[in-house]
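Engineer: I would like to see how this sequence folds:
(chains A, B, C and D)
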Protein chains: 2
Amino acid sequence: MGNCTQCIVKRLNALRNLSHEELELFSEHKTSLLIKKGENLMTEGSAINGLYCINQGKCKLTKLNTNGKEQIIKFIKGGDILGHRSILSDEPVGLNVTALEDMRVCFIPKGDILEVLKENSLFSLSIMKNISHQLNEANNLISEMAQKPVKDRLATIIMNLNDIFGKDSEGFIDIVLTREEIANTIGTATESAIRLLSNLKKDKIIDLKGKKIKILDLNALKNISEGY
Amino acid sequence: MGNCTQCIVKRLNALRNLSHEELELFSEHKTSLLIKKGENLMTEGSAINGLYCINQGKCKLTKLNTNGKEQIIKFIKGGDILGHRSILSDEPVGLNVTALEDMRVCFIPKGDILEVLKENSLFSLSIMKNISHQLNEANNLISEMAQKPVKDRLATIIMNLNDIFGKDSEGFIDIVLTREEIANTIGTATESAIRLLSNLKKDKIIDLKGKKIKILDLNALKNISEGY
DNA sequence: AAAATTTAATGATATTTGTCATACAAGTGT
DNA sequence: ACACTTGTATGACAAATATCATTAAATTTT
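Structural biologist: Predicted structure coming up:
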């Protein structure tokens, strides 16, 4: 099991503000775990007693609606942290976190986190910054979902996925999602998502190869996402 | 101009965790302001250099979409604080804050806030708790907006308004909103909102008297909001 | 109080999106 | 290589919602 002081992933998130001693503390108490594709790291409504630091792998954050539909709220990849929101608000976990590929994750107990939060104001500010940024993003998404037609929303999330996951060697966005997952992200029926993807391909705005998506005309995509 | 140490409003928010000395500091540097109905306290995209503590009055937090439509993200009333998200993430203001009635507001400079945040971990934790809670609420709203039909969303926000603003002496929800504002909250056309409100009235689930709404059958409303 | 403006209500119609049915393709395990 | 499951695609149709037009009511201004 690796040592937190050596871990390069921590440079990507709020943990970068910790002292050597604090990292040693985390390292002693942390546990590493492997999550297989499709498995849940966190489950909506459950209690949580620590912070997850994602070492490797991609996952989706979802919510099950009262009408039984899954809504994908956000995608997360290695370098991000999870669970701090729930720890801080003292509320149950609000989202399901499901692995989209095999993941390697570290778990740090709540007590250690809270202790360091009290002592290290740089860490504390960094966590606040993270959540504040997320809140702003969430507010933008509310507006997006409430006001824009499905086609616009699809264009938006294709660009989002591109920003988050980047491109593979062939220029396709480096994430594999089913059509159903895409539909659950933009809040529409699977068939509608399929049709709109096909349209974008026909118009040479994107290319499709199995589940992979390549952006061909970013400008056109941007225009669609803004309602033109 | 009042003194922060005496202010009863501060008991309702994170400021309750401040020491007498810290409140004195705030009190010395704070400015009080009056915002008239319809005026903006904050504007989307602008910089902000302090925290607002709402003494009295109700306001709406909105966002102007790329397609020119206004989306109401949230309603806020006296006792709440505003602007901390933007200060903490070091990002421009994300939302317009518009007074729905005359407001009395205190402004505390950013420097003072950041200083106390570093020193007072109780205050700091309380702010984190506030934002974390807001993030959870925002995630719920994303799901609500993306997945549910307009009728369900209308039922949901009527209950929300009831929770936030309570009832007046006649049992009507204590907030005055135009039909357009209601439509902009649930992300639909004004005409659709009007029609659905009329239907709810016809079904004796709510009562309408001008712009005021009274809940007659909370259970029915809850069922609708959950898609039954 | 009358006029002007804004807001609310309602019908007719167009557009968007969802649902159901079916076919086909791709992946999975035996 | 085979059946079996799951995912993708497409057409036909139904339902939800938006848009446009018009009238009525409420509010503000003069």
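
Engineer: quick one: mean pLDDT for the strand or helix carrying A:Lys60?
Structural biologist: Element membership of A:Lys60 [criterion: DSSP states H and E] is strand A:59-64. For strand A:59-64, mean pLDDT rounds to 96.

Engineer: buried stuff in that strand?
Structural biologist: Using 16 or more other CB atoms under 10 Å in any protein chain shown as the test for burial, strand A:59-64 gives A:Cys59, A:Lys60, A:Leu61, A:Thr62, A:Lys63. Heads up, the C-betas are built off the backbone N, CA and C, glycines and all.

Engineer: can you give the domain ranges for chain A?
Structural biologist: A:9-137, A:148-225 (automatic domain parsing).

Engineer: name the residue of chain A that lies nearest to DNA strand C.
Structural biologist: Across chain A, the shortest distance to DNA strand C (CB to the nearest atom of the strand) belongs to A:Pro149, at 2.9 Å.

Engineer: please name the nearest non-neighbouring residue to that residue.
Structural biologist: What sits nearest to A:Pro149 in space, not counting adjacent residues and going by CB to CB, 6 or more residues apart in numbering or on different chains, is A:Gly227, at 7.9 Å.

Engineer: A:Ser192 too?
Structural biologist: Counting by CB to CB, 6+ apart, A:Val150 is the residue found nearest to A:Ser192 once chain neighbours are left out, at 5.9 Å.

Engineer: wait, the one you found sits on A:Ile194?
Structural biologist: No - under the criterion of CB atoms under 8 Å, A:Val150 makes no contact with A:Ile194, lying 11.7 Å away.

Engineer: those two: which has the busier surroundings?
Structural biologist: Neighbours were counted for A:Val150 and for A:Ile194 using other CB atoms under 10 Å in any protein chain shown; A:Val150 has more, 17 against 14.

Engineer: report the contact partners of the more buried one.
Structural biologist: Contacts for A:Val150 (CB atoms under 8 Å, 6 or more residues apart in numbering or on different chains) come out as A:Ile186, A:Gly187, A:Thr188, A:Ser192, A:Ala193, A:Leu196.

Engineer: quick one: which two of these are the most distant?
Structural biologist: The most widely separated members of these, counting by CB to CB, are A:Gly187 and A:Leu196 (12.7 Å).

Engineer: with just CA atoms, put stretch A:158-174 into CSV.
Structural biologist: Provided in CSV are the C-alpha atoms of stretch A:158-174 (Å, rounded to 0.1, in the frame of the first residue of the first chain):
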residue,chain,number,x,y,z
ILE,A,158,-20.6,16.4,-25.5
MET,A,159,-18.4,19.4,-25.0
ASN,A,160,-18.3,18.8,-21.3
LEU,A,161,-17.2,15.2,-21.7
ASN,A,162,-14.5,16.5,-24.0
ASP,A,163,-13.3,18.9,-21.4
ILE,A,164,-13.3,16.4,-18.6
PHE,A,165,-11.9,13.3,-20.3
GLY,A,166,-9.9,14.7,-23.3
LYS,A,167,-9.3,12.7,-26.5
ASP,A,168,-7.8,9.3,-27.1
SER,A,169,-5.1,8.6,-29.8
GLU,A,170,-7.7,8.6,-32.5
GLY,A,171,-9.3,11.9,-31.5
PHE,A,172,-12.4,10.4,-29.9
ILE,A,173,-13.5,11.6,-26.5
ASP,A,174,-11.8,9.3,-24.0
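
Engineer: surely A:Gly45 is in a strand?
Structural biologist: No - under DSSP: H, G, I helix; E, B strand; the rest coil, A:Gly45 sits outside any strand and is assigned coil.

Engineer: surely it and A:Asn96 touch.
Structural biologist: No - if you go by CB under 8 Å, A:Gly45 and A:Asn96 don't touch, sitting 9.1 Å apart.

Engineer: those two: who's more crowded?
Structural biologist: Between A:Gly45 and A:Asn96, counting by other CB under 10 Å, A:Asn96 is the more crowded of the two (21 against 12).

Engineer: just to revisit the earlier point, output the contacts of A:Val150 in JSON lines, with pLDDT appended to each entry.
Structural biologist: Shown next, in JSON lines, are the contacts of A:Val150 (pLDDT from 0 to 100):
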{"residue": "A:Ile186", "pLDDT": "98"}
{"residue": "A:Gly187", "pLDDT": "97"}
{"residue": "A:Thr188", "pLDDT": "98"}
{"residue": "A:Ser192", "pLDDT": "98"}
{"residue": "A:Ala193", "pLDDT": "98"}
{"residue": "A:Leu196", "pLDDT": "98"}
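
Engineer: could you dump the residues you listed to JSON lines with neighbour count?
Structural biologist: Formatted as JSON lines, the contacts of A:Val150 follow (neighbours: other CB atoms under 10 Å in any protein chain shown):
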{"residue": "A:Ile186", "neighbour count": "24"}
{"residue": "A:Gly187", "neighbour count": "24"}
{"residue": "A:Thr188", "neighbour count": "20"}
{"residue": "A:Ser192", "neighbour count": "16"}
{"residue": "A:Ala193", "neighbour count": "24"}
{"residue": "A:Leu196", "neighbour count": "22"}
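
Engineer: and of those, the nearest to chain B?
Structural biologist: A:Gly187 (2.8 Å; CB to the nearest CB).

Engineer: so how far is DNA strand D from that closest one?
Structural biologist: 11 Å (CB to the nearest atom of the strand, to the nearest Å).

Engineer: residue contacts, the closest residue to that residue other than its chain neighbours?
Structural biologist: Distances taken as CB to CB, 6+ apart put B:Ala146 closest to A:Gly187, at 2.8 Å, once the chain neighbours are dropped. Neighbouring residues of B:Ala146 by CB under 8 Å, 6+ apart: A:Gln71, A:Met145, A:Ile186, A:Gly187.

Engineer: same for DNA strand C: which of those are within range?
Structural biologist: Contacts with DNA strand C within those, counted by CB under 7 Å from any atom of the strand: A:Gly187.

Engineer: which residues of chain A lie near DNA strand D?
Structural biologist: Proximity of chain A to DNA strand D, by CB under 7 Å from any atom of the strand, involves residues A:Thr178, A:Arg179, A:Glu180, A:Thr190, A:Glu191, A:Ile194, A:Arg195, A:Leu197, A:Ser198, A:Leu208, A:Lys211.

Engineer: and those as JSON lines, adding pLDDT and distance to chain B?
Structural biologist: Below are the residues of chain A next to DNA strand D laid out as JSON lines (pLDDT from 0 to 100; distance: CB to the nearest CB, whole Å):
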{"residue": "A:Thr178", "pLDDT": "97", "distance to chain B": "17"}
{"residue": "A:Arg179", "pLDDT": "98", "distance to chain B": "16"}
{"residue": "A:Glu180", "pLDDT": "97", "distance to chain B": "14"}
{"residue": "A:Thr190", "pLDDT": "97", "distance to chain B": "13"}
{"residue": "A:Glu191", "pLDDT": "97", "distance to chain B": "16"}
{"residue": "A:Ile194", "pLDDT": "98", "distance to chain B": "18"}
{"residue": "A:Arg195", "pLDDT": "98", "distance to chain B": "18"}
{"residue": "A:Leu197", "pLDDT": "98", "distance to chain B": "18"}
{"residue": "A:Ser198", "pLDDT": "97", "distance to chain B": "22"}
{"residue": "A:Leu208", "pLDDT": "97", "distance to chain B": "23"}
{"residue": "A:Lys211", "pLDDT": "96", "distance to chain B": "21"}
